[in-house]
Structure formats: structure tokens, C-alpha cells
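**Q** okay, here's the prediction I keep looking at, along with the sequence it came from:
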Amino acid sequence: MTLVEVIHQWTHNDRLIHSIKTALACLIGFIVGNYIHLQAVQWIVITTLVVMCAQLNVGSVIQKSYMRFLGTLLGSLLAVLALILFRNNAWINIGVVLVAAIFFSFIATSTRHYNEAGTLGAVTVAIILLGPDPSVQIGIHRFFEISLGIFIAAIISQFIFPIHAKTLLRRNQVATIRKIHSLYLHLFGDKSSPEGANKLGNLDEEIVKSLIAQRKLAGEARREKIGKLFNADQFQQSLWCEKEIIRSIIFMFHAYEKSYHSEAMQAHQSQLENFHREVARILENIKNKISTSGLMESIASMKESLHCVTKLEQDERISIDTFIFCAEILVERLGKLIHLLGSENVECH
């Protein structure tokens, strides 16, 4: 690997860039906190780490920032209210922290989008009430320090070498299509023989995980309001196409496996192999605006030839019809996906 390639690899490593941004945000928080003479600068740095460390893209950081701020506000209000009403009673403070732990933990373990508010809400209450000599003034200071850390994290994530969820989503879609391509080769690549498709490894699980990741990234991309807005409707259509393509491939394989040894299928092996090769080629090069009309013509030819065969068992006829129907769906969805990804200018890297 040349020096230029090494530099390119490092400068295009999102995780490395994000790690450097996180360190930069911590440094800025430390400098700002000392410049304005805050009492506990460490809470700015700690909050910045909590918000940024596990959140790679802008959309996820923005979502976490909103919710962390809400949790900080609620936690600070609860702690300050306890101090105003009970004048720094140690047992009352412990009781409030326990109540806050129950309440905010319940929120944090929710599957809803507001669960991010739970962790920092409980932490804020504990920081204020269990610290040395808690007071209303200290509570206000802690709220300001934590909020400043959240603000710095959001600003750095958004404006310093931003890593957008939209970009990560496009990469994920390309990676998913490559996995679908590998799945197709496993099922139909061994001279179109189903006997060569017994070992699929974890491809199906990887594809499912990729589709789940796409939904998560799409939700984060919706929160990115600066720059080109995310087209949620177009994403839903492309995700639906991906799912339909996977289903079609799986059903095609099972139908093909049932009818593979029939005389009708054996007589048209050359056509079938050409069809499988063309589908594999399109999946491999789906970033290009490839026409699928040739595949539809190939299916029509196979359909006409296979339906001319009269001496078929009922099971064979059903399997062949199922195979052709799924092949038609597959080609139609491939064409639609090519159009959708082409309009988004998706690049395969």
C-alpha cells in the first residue's frame, strides 16, 4: 500500500474523524469552561463524551443532544425543587435521588425516542444532591455546565467535518445490495444447481441486520436539517424494493429446487443460466443505470417455452409457475431500485 493510499484510507475513516472531533469538543469545552471561570469544568467534558462517544453521525448526535438537554433540565429542576423545599436535608436528598433513579431508569429503558433523556436526568440529580454542600446555586451551575457540554457536542458534530446519516445510509444500501448479490451467487451461482447452495453462512442474518440499520439511519437522517433534506418517501420505496428482491430470490430458489430435476427445466438450463448470470451482473453493477428490459424478454421466452410443455406433474407445474412469477417480481423490483438509487446519485465505494 502506497503512502497516498494510506493517507486516503485514514482521511476517509469516519470513526477516526469522529474520534478526533470528540477530543476537539472536549478541548473546546475545557478551554471555554476555564475562560468563563466555571466551578466544575469536568462536567462539560464528561457531558461532551456522553453525548458524542457512541454517536457517529450528525443526526444521532442532534437527537441525543435534544434528549440529553431535556433530561438535564428535568433533573436540575427536580434537584433544585428538593433543595428549595427541604433545605438540603441529607436523607431527603438520598430519597429524591432514589426516586429519580427509578423514574429516569424507567424512561431510559423505553424503546421510544425520548429514552435518551433518562440517563442524564438521573445523573444530573445525583451530581447536584450528592455533591459536597449542595445548594440551589450549585444546581444552576451544574445545569449550565452540562448544557454547555451538550451544546458544544452538537455544534462540533454539525459543523466540523460532519458525518451525515444520509451518507452512511447510502453506503449501507450499497453494502446490502452487495450482500444480496452474494446471496444470489450462493443460491444460483454453481451452474444454476441448487445442490451448490446448502451453505449460506450468515448472509441472511447480515442482510436482515443491514435492513434494520437502514431504518435507524433513516430516522437519524430526518433530523439533519442543514444541507440537502432527506427524502423519506424515496427511502421507503427503495427499502421496500430491497425486501421484495430478497423475498423473490428466496422463493425463486425454493421453487427452482423443487423443479430443478424436471425434464422441462433441464431442457432450458442454458436459458436459466443466462438469466441467473444477468441478474447477478445487474446486482453487482446496480449503481449504473442498467436496463432490465432484456431480463423481462428472457423471462417471457422461458415462460412461453415452459408453458408449452404438457407432460408435467402438478407439483412441477406449480413450482415452475412460482419460479417464473418470482423472477418477474425480482426483475421489476430491480428496475425500480436502479431508478431510485440512480436519482439519489448513490456511489459504490
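**A** Arrived safely.

**Q** which residues of the stretch 151-300 of the chain fall in helices?
**A** Taking DSSP state H, counting those that start in this stretch, the helices of the stretch 151-300 of the chain run over residues 165-188, 203-221, 232-259, 263-267, 269-284, 293-307.

**Q** and what of the stretch 1-150 of the chain?
**A** Going by DSSP H, counting those that start in this stretch, the stretch 1-150 of the chain shows helices at 3-11, 14-35, 42-52, 58-86, 90-108, 116-129, 136-159.

**Q** which of those has the lowest mean pLDDT?
**A** Looking at the helices of the stretch 1-150 of the chain, the lowest mean pLDDT belongs to helix 3-11 (a mean of 45).

**Q** just name the most buried of the helices of the stretch 1-150 of the chain.
**A** Of all the helices of the stretch 1-150 of the chain, helix 116-129 has the most neighbours on average by mean count of other C-beta atoms under 10 Å, namely a mean of 25. Every residue, glycine included, has its C-beta placed from N, CA and C.

**Q** ok now that one, how far from the chain's centre?
**A** 28 Å (C-alpha atoms, centre = their mean, to the nearest Å).

**Q** by contact count, what packs against that helix?
**A** With contacts defined as 3 or more C-beta pairs under 8 Å, 6 or more residues apart in numbering; DSSP states H and E, helix 116-129 has these neighbours: helix 42-52, helix 58-86, helix 90-108, helix 136-159.

**Q** one step back: so which of the helices of the stretch 151-300 of the chain comes closest to His339?
**A** For these, the distance to His339 is smallest for helix 232-259, at 9.4 Å, taking C-beta to C-beta.

**Q** tell me the domain boundaries of the protein?
**A** 3-159, 166-343 (automatic domain parsing).

**Q** returning to that earlier point: right, and the helices of the stretch 1-150 of the chain - which one's nearest Leu185?
**A** Per C-beta to C-beta, nearest to Leu185 of those: helix 3-11, 27.5 Å.

**Q** next, count neighbours for the closest residue to Ser60 other than its chain neighbours.
**A** Ranked by C-beta to C-beta, 6 or more residues apart in numbering and with sequence neighbours excluded, the top spatial neighbour of Ser60 is Glu220, at 4.8 Å. Residues lying near Glu220 (other C-beta atoms under 10 Å) number 25.

**Q** leaving out chain neighbours, which residue sits closest to the residue nearest in space to the middle of the chain?
**A** Residue closest to the mean C-alpha point of the chain, counted by C-alpha atoms, centre = their mean, is Ala213 at 2.8 Å. Leaving aside its chain neighbours, Ala213 sits nearest to Asn172 (5.6 Å; criterion: C-beta to C-beta, 6+ apart).
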